[in-house]
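> Structure here, sequence nowhere to be found:
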Ligand code: AMP
């Protein structure tokens, strides 16, 4: 099965992607994980993407489209299928993905959209940021400077940057829903429920 999972920051894409990939035994391909690892290792992709990710901006389309083309040509992606998390994120990426799949004689089965109100997405990102800091402050109790506290939490979960990521989600990603809806490939899921309920709804709608 070939799936994409769409949603704003804090919509629960990562959690649901992991559960679904385990359940369906398909490969999870997360652009945000790939970018974070590339930045940490300072690979060519990481160096080029870093400035965008840290500011909450989208990494330019040509960079990611080229990367995803190579990724989807790898052996694990040709086998049982995959789930793309955080990709596509722009109409251009969505169209390019379809062109690429045409070349590979494959097709996307479903785009799963986790619908969550903006206020909930903001709250979840801020909580994620706070708990990352608390976790480290617990480990590092007694460190008077606490430098690592800031370094190890997600820098793009800070309030102004989350707001920017949310704005970009509404401007650039929401239009993709129409594209997939028109092709009758869209499943809209209530992402405000508990993770277990969200997963049940997804499996039910995928008829699994
Ligand atoms: P996420 O954790 O999915 O919100 O992604 C974190 C950041 O990675 C985003 O704010 C972007 O900077 C970058 N990113 C992830 N996926 C994409 C994509 N498909 N296109 C452009 N930028 C992306």
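Nice, thanks for sending it over. All of these numbers come straight from a predicted model, not from anything done at the bench.

> CA atoms for contacts and neighbours, from now on please.
Fine.

> now the helix of greatest length in the chain, how far from the centre of its chain.
Using DSSP state H, we find that the single longest helix of the chain is helix 118-139. Offset of helix 118-139 from its chain centre (C-alpha atoms, centre = their mean, to the nearest Å): 17 Å.

> What mean pLDDT does it get?
Helix 118-139 carries an average pLDDT of 81.

> and that helix with the ligand, contact?
No: interface with the ligand: helix 118-139 contributes nothing (C-alpha under 6 Å from any ligand atom), its closest point being 9.7 Å away.

> Up against the ligand, what does the chain have?
For the chain, the residues in contact with the ligand (C-alpha under 6 Å from any ligand atom) are 9, 31-32, 52-53, 56-59, 86-89, 165.

> In terms of secondary structure, what does the longest helix of the chain contact?
In terms of contacts (3 or more C-alpha pairs under 8 Å, 6 or more residues apart in numbering; DSSP states H and E), helix 118-139 is packed against helix 147-152, helix 159-168.

> hey, least reliable of those helices by pLDDT?
For the helices and strands packed on helix 118-139, mean pLDDT drops lowest on helix 147-152, to a mean of 43.

> And the contacts of stretch 13-32?
1, 5-7, 76-77, 80-87, 114, 195, 198-199 (C-alpha atoms under 8 Å, 6 or more residues apart in numbering).

> now the residues of the chain next to the ligand: which count as buried?
9, 31, 53, 56-58, 86-89, 165 (16 or more other C-alpha atoms under 10 Å).
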